[in-house]
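Predicted structure and sequence below. I'll ask about it afterward.
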Amino acid sequence: MTWQRRCALDGDTQAAGIGFARVLRSGDIVLLSGLLGAGKTTFVKGVASGLGVQGLVTSPTFTVVREHDCDNDLGIATLHHCDVYRVRSLDEVVDLALGELVEESGVALVEWGDLAASVFGRDVLEVNFVVENDESRTLVVGGSVDASRADQLDSWSAS
Ligand SMILES: Nc1ncnc2c1ncn2[C@@H]1O[C@H](COP(=O)(O)OP(=O)(O)O)[C@@H](O)[C@H]1O
Ligand SMILES: [Mg+2]
């Protein structure tokens, strides 16, 4: 099962991220896939805003991972924002130990996460960013979704 949301402008992709924050739970790992410029970082900025992150969220392309303190009523204290585009081996991704990091009231959003999907196993959420044209994107969500989250994603895709 997958959920789609059309984002005609970059502001829509941010809004989709803000709404997606309400779908997240502590411990989640979310793999973001899509071409360069598809809107992955834009979406993470929205999620960060929805999680109550203060301060600037920029692409962690060269640092691989950035951590942001959150302030929300979702029980999520830390956003781990990763970009694995430049890692040279999957061992580098294993060494990040994201699975352990998110156990401490965290969530991880991983840009280019599809390139390292084997490291994360099956228990992940996936968001694929499909570029329709210069401005329009379709976000496709799938992965490990239980019934209550499916309800939340129904509303997310309808808004
Ligand atoms: N609907 C849209 N959603 C997201 N970004 C868009 C959209 N339309 C245009 N853009 C532009 O595309 C670029 C997306 O960049 P970014 O979010 O950094 O992508 P990625 O992290 O996937 O490489 C930005 O310059 C943004 O302004
Ligand atoms: Mg990016």
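Yep, it's here. Residues are numbered from 1 along each chain as shown. Ligands and ions are numbered 1, 2, ... in the order given.

Which positions in the chain make contact with ligand 1?
Within the chain, the positions near ligand 1 by CB under 6 Å from any ligand atom are 7, 9-10, 12-13, 34, 36-42, 59, 111, 135-137. Where you see a C-beta, it was placed from the backbone N, CA and C, and this is true even at glycine.

Outside of stretch 98-112 itself, list whatever touches it.
Contacts with stretch 98-112, where a contact means CB atoms under 8 Å, 6 or more residues apart in numbering, come from 24-33, 40-41, 44, 47, 51, 59-61, 65, 75-85, 116, 120.

In helices, which of those fall?
Using DSSP state H, the subset of the contacts of stretch 98-112 located in helices is 40, 41, 44, 47, 120.

quick one: the residue of the chain found nearest ligand 2 and residue 159, what's the gap?
Per CB to the ion, residue 41 is where the chain lies closest to ligand 2, at 3.4 Å. According to CB to CB, to the nearest Å, residue 41 stands 22 Å off from residue 159.

When those two are compared, which one has more neighbours?
A direct count of neighbours by other CB atoms under 10 Å for residue 41 and residue 159 places residue 41 higher, at 20 against 9.
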